[in-house]
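[1] Coordinates for the following, if possible.
(chains A, B, C, D and E)
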Amino acid sequence: MDLMLYPIVLPIAVGLLCLAMPRRVKGIVERTALIVSITIFGLTVFLFSQKPLHWMWDANRFLRLDNLSGFVLLAVGLFGFLIVLYSIVFMRDKIYSNIYYAYLLCTIGIASGIVLANDLVLLAVFWGLSGLTLYLMIGIAGAGASAAAKKALVIVGGADSLMILGIAIVWFLMGSFTIDRISLPVVGLLPVIAFLCLAIAAFAKVGAMPFHSWIPETAEKSSIAVTAFLPASLDKLLGIYLLARITMDLFIMDKTLGLLLMIVGSLTIVAAVMMALVQNDLKRLLGYLVVAGAGYMVLGLGTGTPAGIAGGLFYLLNSAIWTACLFLSAGAVEDRANTTDLERLGGWGPVMPITFVVCLVSGLAISGIPPFNGFVSKWMIYQGLIELGRGGDGLWFVWLVAAMFGSALTLACIIRLIHATFLGQVARMPDEVRDANSEVSPSMWLPMIVLAGLCVVFGVFAYAVPLKHLIIPAVPGVSYLGFWSPGLATLLIVVGVLAGVVIYFVGRASNVKESEAFIGGELLREGMRVSGVDFYRTIRDFGLFGNAYKGAERSLFDIYDLGGRFLFYFVQGLRRIHSGILPTYLSWMLVGFTVLLFVFMG
Amino acid sequence: MLKSVFYFVIFPGFLFTAVVGLLVSWIDRKVTARVQWRVGPPWWQNFADFVKLLGKETIIPQGTSRFHFITPPLLSISAITLVSTLLWVMLINPHKSFLGDLIVVVYLLMMPAMAVVMGGAASGNPLASMGASREMKLVLGYELPFVLALIVPIIKTDTIRLGEMIRFQAEDGVVIGSWSGIIAFLVAIVCMQAKLTLVPFDIPEAETEIMSGPYIEYSGPALAMFKLTRAMMLFVLPVFLVLVFWGGFGQGSFWSVLLGILKYVVLLVVIVLIRNTNPRLRIDQAMRFFWGLVTGVATLAIILALIGA
Amino acid sequence: MNEIEDLKSNLKDLIIKWQETQRRVYFDVQKEDVPRVVGYIFNDLGARFIIVTGMDTPRGIEMLYHFGLDHLGKVVSVRTFIDGDRPEIESVTPIIKGAGWIEREIHDILGVNFLHHPNLKRLITADDWPEDKYPLRLRPSSGKGPEG
Amino acid sequence: MGNRTVIPIGPYHPLQEEPEFFRLWVEGETVVDIDVNIGYNHRGIEKLCELKTYDQIPFVVERVCGICSTSHPLAFVNAVEDLADIEIPERARYIRSIIAELERIHNHLLWVGLAGHFLGYNTVWMWAWRYREPVLDILEKITGNRQNYAMMKVGGVRRDIEDADIPDILRLVDDLVPAVDMFKGAILDDPVLHARLKGIGVLTKEEVHNYGAVGPTARASGVAVDVRRDDPYAAYDLVDWDVVTQEEGDVFAKAVVRVLELYESVKIVKECLERLKKTKGEIDVKVKEIPSGEGIGHAEAPRGEVFHYVRSDGTNRPIRHKIKSPSYTNVPTFKATVIGGTISDATITLAAVDPCYSCTERVAVVDKKTGRRRLNGEDLVRLSQEKTERIKRSMGL
Amino acid sequence: MKLKLKALTKSPWVFHLNTGACNNCDIEILNVLTPKFDAERLGVLLVGSIRHADVLLVTGPVTRQAAPRLKRLYEQAPKPCFVVACGTCATSCGIFKDAYNVVGPVDKIVPVNAYIPGCPPKPEALISALVKLLGTVK
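    Numbering: from 1, shown residues only, chains lettered A, B, ... in the order given. Presented below is the predicted three-dimensional model:
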């Protein structure tokens, strides 16, 4: 079906066109981008309703839309549209907005390409392109961001080359590039290497540890709209899509590899949230939460049980929603406060009520508080883990505890974020902001509300809406899932709140008075403000954690910096080998050739 | 649907839990008084406190929004009511249990603490913020060993349905009939003490340090709500532990119900005794305690459970 | 009696007047010598700092620095006079940390300006107490309080 | 470097009975600086002291601080007796010591209880105060009041202790010993208390010297300063007792010092009572007039040395009366002990010196009439009822 | 409405504040809670925050520094709440009447509902005053 080409070709074409536009016609570019993104979103909805679809070329199914790619494509379309809408106002003053929209549209096209590709080569091409646009988009925010962009390029691009290697091995073993024809048992050295290569590509994209370090960096340095779009939602969708593809379609999984995934997943969860706990920058904190979210999905997919996989995929969808939402609200705060430093924020809740509520809802969702969507998806993952335990895995409780504790830690991060940004004592605020109703413009809060609304709907009507239509079809073998009835529970909570309101009215609710804070008779003075910075300092001061944090500050756990250091020593070593004597070079070549022969023949 | 609402509002939900909760907090106060060589308040004291608070003014600190300040008590009370409803519906009729309700309960039990933190943060008072920060740290501290302790009954009964846990324990003996069960139970009791923020874990309130912390700005009905939540938790949490570790409250027969009540009373007395024979810990000590010793012990319990002890 | 003898011999140039009973010692010094004398008693003799008494007298503001020589059971008091119209004296707080408060108090109630005091702000009088009134001054202008 | 937050403690705070305002600069929970604002209790005595007679002043200085209500008059009469060179009868000396030591006992028990309360250990509070009540009963028996005993006068004491009462008093005092034993066992061996108190708020010997700290605060740091021994007054040179010291200087050592001092005080009281039985005679000497001159008197209050300086010009009123209370030099040591600990440590450290701000901000006024003033109770009740009615009406109840 | 007032008389939570007292009254107030007198029998609790208070128990003459704070605290307390002046100083300034830094008795600053004379009042007097005060609430 040719319509499948449009989501790929249209945005890329328009995007390239925009790139050529002069800066003067910014308004046209904005409008074009908005129209195109709406169109694409509509198109994806249409395509979703028509699935399964495929597009043949040269007797191969080149593009394919099945249940798995269906909802990811839908999400790509949705996020593309929402981010463009958000950017209209958010990006208005930025000089680079023209190229921004161009890259944005191209990215949408490329992402659609990845999702739709049924050919490994095509996939690899789009994958590489997406890494490129990632680099470009991060870098447009200016000088500070270019280092982050480079980091992203090195990590994602490096993983990309591994992916090509993996694809080569797959081709070597199966003789085909077409995904739905391949089914490779992960037994033996080469399939394992292939699997690992592809998995690492996915890990780097979603930012699972130890390939995470580019995400917080990007979050901190780059523009928030970019972060919300790429690392927070789109890259995650793509990465996990790839991981799901390879674990479910491409390879036939084996327990050990599942174990590997689970180790990576739980490590990522706990370590990333612990890092998030002590970050002092709003964006960087959220960046680490994005990383932690990736951990949950990897964990879910790693269980290999239907409930776990479904949970992981549902989590994927949800986490894209809430992290995007969190980043967008952070953007709204930055727009007003001109800072994302937690120490200088505080007391914005009453001034920006919509942003606050949106941030709170998505924050509670990410921490898995019922009845929001986060709870349902986490709970599915837990269930998968317990199922795994029934299947005889002795370590299931380790993963379970990591996941549950991780979610408590996430909650702690969110509370700190909310406290430092929206509640707590009021920091110095520009007067004109303080007095006026400082909510951001509708085109900025509308996308946020849509996303927050999705958090609620996907939570309360978890089974009726997302699971039934999007997730369950994508996962083979989910026969029965025990669902709690979030609808009823929500109803009951609402009833409880109502009962509380009744109590308020029985007590004289009208009998309300405002009064200054109680400081033992003194007045609140300058400096009496518990900012978010020191919220968890106690944890930071613990001996063991203290050292770990110090290590993290010196980026000991950053693969990029480590790699840099390693490369330095490696080059030093190479320099020594470079003696300039021809026979030495020849002998090295011989050794290498022998190794290659051994690998491919044996 | 209507039936659920009835369960929720009247029995065994809000009304029942509130009344029993206020009564058991009277027991708490009375036993405390006896330990301290005092007479203690009359049985209706907590009801009087509650009604009185309803009649008082609500004071909203300047610079905070009413909405953010008033809602946390509501959320905390509805969450704890939901837990109570879930637990009692299952205790009375284990067939109503659904898959994974244990996890739901664990999450819901976290909500009152969250509400306190949010309320404290919304107060705009530095001492309340301090209390909120401490409460959150305390939650982090006890949540890990608490989850670990709950894994032991999951291993023992091989289910995450509360109803099945009851049935299993009725048939094959209670969880604390084994070494691992006892150890996990002790861990859970310590965590429960912290969940109730009673001495030695009343660090978030620490009246003599930060003047009741998150509650500092609350007055009138909103405070009444928080107090009621605390009272209800004093009822619900031991019930939860009795259910998970100690076989629940029995079905039907008078003696088994009496035995169940006895179990609850034993737990209550343990809580009151711990609370009256300890000074308050520092927050860093508490966290070290939970993440170190208690987590270690809980892990030991799991290992024992896995090898079948 | 060793320390007392030490004191007498080491500071004999500075001592103007010496009074001694069985358990009490009072001696007068010039106000410029106060830091030296006090430093000697506090650091070299190791005496315990007790308090400073300030009082307004017709001769000027009288300052008494009390020290305890505990193992002898003696209290040593160093007396000096400050000109009542321009009450200024070198602070001893840099030598004795514990004197910080009493100097602030004397500043509050007698208006003595302690030079080089690290933190000479209000200690006991209320925030709204007028700047130029000193409750313990004898001079009529200082009066009973802001009202009187 | 984190940012610094100011955590206010006070002025009206459950930690302290009296108003004072601490500002703790904290990073997270760690205290990095402290500032103390006092002045809330400053009543202003010294200005009007010159108008009062020597007979009246003991009643005033009694109200400098309610808990040191024997130590201040005692130090004052010591100062006047030093000034006028008065020898008091032996019997009066014993009675002075008995009252002072009973006060120390009830004050130390009070402190132990409050320290428990500050740590959230209310059982200790209740128990300690329960054992404190009999002491107050004894004092009521001897002096007629639970607090503010009005026993001291220049030249002796005001009331005698009847021989008939002595056995009762002895019995009550003996009953205290097992209670103190129990506290010693239960509190000083509690591991959680150790965790909370040991190594917290350490005051070194150097800082004791620098700040001039006195009393248990200094003795817990190994500085054996005790006026009762160094410059004996009352009957302290006539009976046998020891100065309790500890070396650590932390909060725990301060608690230990106080608990062990209870034993010494009991010992002193008992010995004084025994000797009192054998000593007959007057309880005061007649003082005709106070010569001009100056006098210094001090007394060891439960919290440390109380220092009074009296200047007389030969009239019946002093021209200057300087009072130094122990807290005045103990409180500034917070700067040395609190910084570096956490907020929780800070609060117990603040409590550990048993600070007394009414003392610190003494400067009080002498009333024209001496003694207690009891208003007509009935009138006041009626007055209050009327007022309640009025307020209720104004609040629309 | 009646029920709530009735409840108020059964559960008076006390916030204690010292506006310049010598400590004796304060100690006796604490004493009221301890085993010998045990005011919790009557529902009395000592609370840490003014927001929870029903009765402000004020001790001591009001000093110049404390006066504005006392006023502020009175305004910060949730109504209905009562003010009790405890001790001779609080009722009439007593011995500190002429001191330069004393503003006056408590009722000069805030309306007072009950006076408890005595220096210090005995715990029994405190309890009896509280009971009488609450008996007047209708």
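
[2] And the most centrally placed residue in chain D, which helix or strand is it part of?
    In chain D, the centroid-proximal residue (CA atoms, centre = their mean) is D:Cys68; its distance is 3.3 Å. Using DSSP states H and E, D:Cys68 falls within no helix or strand.

[3] how much space between the nearest residue to it once chain neighbours are set aside and D:Arg228?
    Closest residue in space to D:Cys68, ignoring its immediate chain neighbours: D:Ala301 at 4.3 Å, by CB to CB, 6 or more residues apart in numbering or on different chains. C-betas here are computed from N, CA, C, even on glycine. Distance, D:Ala301 to D:Arg228, using CB to CB, to the nearest Å: 10 Å.

[4] ok, those two, which is more surrounded?
    Using other CB atoms under 10 Å in any protein chain shown, the more surrounded residue of D:Ala301 and D:Arg228 is D:Ala301, with 31 against 23.

[5] Dig out what that one forms beta bridges with.
    Bridge pairing for D:Ala301 (DSSP bridges) gives the partners D:Gly304.

[6] ok, it touching D:Ser69?
    No: judged on CB atoms under 8 Å, D:Ala301 makes no contact with D:Ser69 at a distance of 9.6 Å.

[7] So which elements touch the strand or helix carrying A:Ser87?
    Assigned by DSSP H and E, A:Ser87 belongs to helix A:67-90. When contacts are defined as 3 or more CB pairs under 8 Å, 6 or more residues apart in numbering or on different chains; DSSP states H and E, helix A:67-90 sits against helix A:6-20, helix A:26-50, helix A:97-116, helix A:224-229, helix A:235-245, helix A:306-337, helix A:442-460.

[8] repeat that for 10 Å
    Here helix A:67-90 touches helix A:6-20, helix A:26-50, strand A:60-65, helix A:97-116, helix A:224-229, helix A:235-245, helix A:306-337, helix A:442-460, going by 3 or more CB pairs under 10 Å, 6 or more residues apart in numbering or on different chains; DSSP states H and E.

[9] Just say which of these is most tucked in.
    Counting by mean count of other CB atoms under 10 Å in any protein chain shown, helix A:224-229 has the highest mean neighbour count of the helices and strands packed on helix A:67-90, with a mean of 29.

[10] Quick one: name the residues of chain E near chain A.
    Within reach of chain A by CB under 10 Å from any CB of the partner chain, chain E has these residues: E:1, E:4, E:17, E:19, E:48-51, E:66, E:68-73, E:75-79.

[11] Quick one: buried ones out of those residues?
    E:4, E:17, E:19, E:48-51, E:66, E:68-70, E:72-73, E:76-79 (16 or more other CB atoms under 10 Å in any protein chain shown).

[12] Name the residue of chain C that lies nearest to chain B.
    C:Asp127 (20.9 Å; CB to the nearest CB).

[13] and the lengthiest helix in chain E, what does it pack onto?
    Scanning chain E for the helix with the most residues, using DSSP state H, yields helix E:123-135. The helices and strands touching helix E:123-135, judged by 3+ CB pairs under 10 Å, 6+ apart, are helix D:377-395, helix E:2-10, helix E:24-33, strand E:55-59, strand E:82-86, strand E:114-116.

[14] Can you mark which positions in it are buried?
    E:Pro123, E:Ala125, E:Leu126, E:Ile127, E:Ala129, E:Leu130, E:Leu133, E:Leu134.

[15] Just the closest of those residues to B:Ser129, please.
    Closest approach to B:Ser129 among those (CB to CB): E:Leu130, at 34.3 Å.

[16] For that closest one, give me the pLDDT.
    The score at E:Leu130 is 84. That number is its pLDDT.

[17] Over to B:Leu186?
    You'll see B:Leu186 listed with a pLDDT of 90.

[18] Give me the buried positions along the one helix or strand it maps to.
    B:Leu186 belongs to helix B:179-195 when assigned by DSSP H and E. Neighbour-count burial for helix B:179-195, counted by 16+ other CB under 10 Å, picks out B:180-195.

[19] Do a quick rundown of the strands in the chain.
    The chain I'm using is chain A. A:53-57, A:60-65, A:184-185, A:251-252, A:512-515 (DSSP state E).

[20] not quite, I wanted chain D
    With strands called from DSSP E, chain D shows them at D:5-9, D:21-27, D:30-37, D:152-153, D:156-157, D:293-301, D:304-312, D:318-324.

[21] Pipe these into JSON lines and attach mean pLDDT per row.
    Converted to JSON lines, the strands of chain D look like this (pLDDT from 0 to 100):
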{"stretch": "strand D:5-9", "mean pLDDT": "77"}
{"stretch": "strand D:21-27", "mean pLDDT": "78"}
{"stretch": "strand D:30-37", "mean pLDDT": "79"}
{"stretch": "strand D:152-153", "mean pLDDT": "82"}
{"stretch": "strand D:156-157", "mean pLDDT": "84"}
{"stretch": "strand D:293-301", "mean pLDDT": "86"}
{"stretch": "strand D:304-312", "mean pLDDT": "84"}
{"stretch": "strand D:318-324", "mean pLDDT": "81"}
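
[22] give me the residue from chain B nearest chain C.
    Of all residues in chain B, the one sitting closest to chain C is B:Pro126 (20.9 Å; CB to the nearest CB).

[23] Quick check: that residue touching D:Ile7?
    Yes: B:Pro126 lies in contact with D:Ile7 (CB atoms under 10 Å); the separation is 6.2 Å.

[24] Can you give me every residue that contacts D:Ser265?
    D:97-98, D:100-108, D:135, D:173, D:176, D:180, D:241, D:302 (CB atoms under 10 Å, 6 or more residues apart in numbering or on different chains).
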